[in-house]
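Visitor: Here is the input, now give the coordinates:
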Amino acid sequence: MVSRLEGVLIVAILFFSGKGILTDLSRDTQQSKVSKEKELELSALTFIEVNQTTLLHTITASHMTKYADKTRYEDFALYTPDFTLLSPHAIAQQRSILLDQNATVIKKDGSRYYAGAVIYDSKNRRLNLTDTFSLANRFGDINGTQMRYDAKRQEIHGESVKASYDLE
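Guide: Take a look at the predicted model:
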């Protein structure tokens, strides 16, 4: 019987080995055109990325479809040591992920941000809430038109911010 961890590792190995082969085939046959054909489709996905000492992030989704130029997810969740991203739909392209509907960001302190759209730059560990957003936590509420969060520097910048906050 194959354990869940072994199953995830097998899927990951197949995914990355298939990605290289399919990418080479796609480049050879259509150098200038981007393929709209599916390269890979998975259900009930759990992807865990680690380096030698640390968990970098975990991605879960009920459904994933990989195309040559992007990957689409349904019931998407990204767990990092700093925050969690949740959305009914997400699109990953190169090193960024677009959560385009009813995105939720949960920071490790329990603060919850709600936004219409979020772009996550995984290389720089930056979040950009490009639509109106709201924050709800134990201190109060904050609303604004745009927010940027840099997880490396632990900095948040917002625009057109309205707040009702208890500092005690």
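Visitor: where does the protein dip in pLDDT?
Guide: For the chain, the stretches with pLDDT under 70 are 1-36, 168.
Visitor: Which parts of it are strands?
Guide: Along the chain, the stretches classed as strands by DSSP state E are 40-50, 55-66, 71-79, 83-93, 96-99, 103-107, 112-115, 118-121, 126-129, 133-137, 140-144, 146-150, 155-159, 162-165.
Visitor: Let me have the ones you listed in a markdown table, extended by mean neighbour count.
Guide: Heads up, the C-betas are built off the backbone N, CA and C, glycines and all. Formatted as a markdown table, the strands of the chain follow (neighbours: other C-beta atoms under 10 Å):
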| stretch | mean neighbour count |
| --- | --- |
| strand 40-50 | 14 |
| strand 55-66 | 17 |
| strand 71-79 | 19 |
| strand 83-93 | 19 |
| strand 96-99 | 20 |
| strand 103-107 | 20 |
| strand 112-115 | 20 |
| strand 118-121 | 20 |
| strand 126-129 | 22 |
| strand 133-137 | 18 |
| strand 140-144 | 16 |
| strand 146-150 | 18 |
| strand 155-159 | 14 |
| strand 162-165 | 10 |
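Visitor: show me what contacts residue 152?
Guide: With contacts defined as C-beta atoms under 8 Å, 6 or more residues apart in numbering, the neighbours of residue 152 are 124, 125, 126.
Visitor: Now the second one. Its backbone dihedrals?
Guide: Recorded main-chain torsions at residue 125 are phi 60, psi 50, according to degrees, to the nearest 10.
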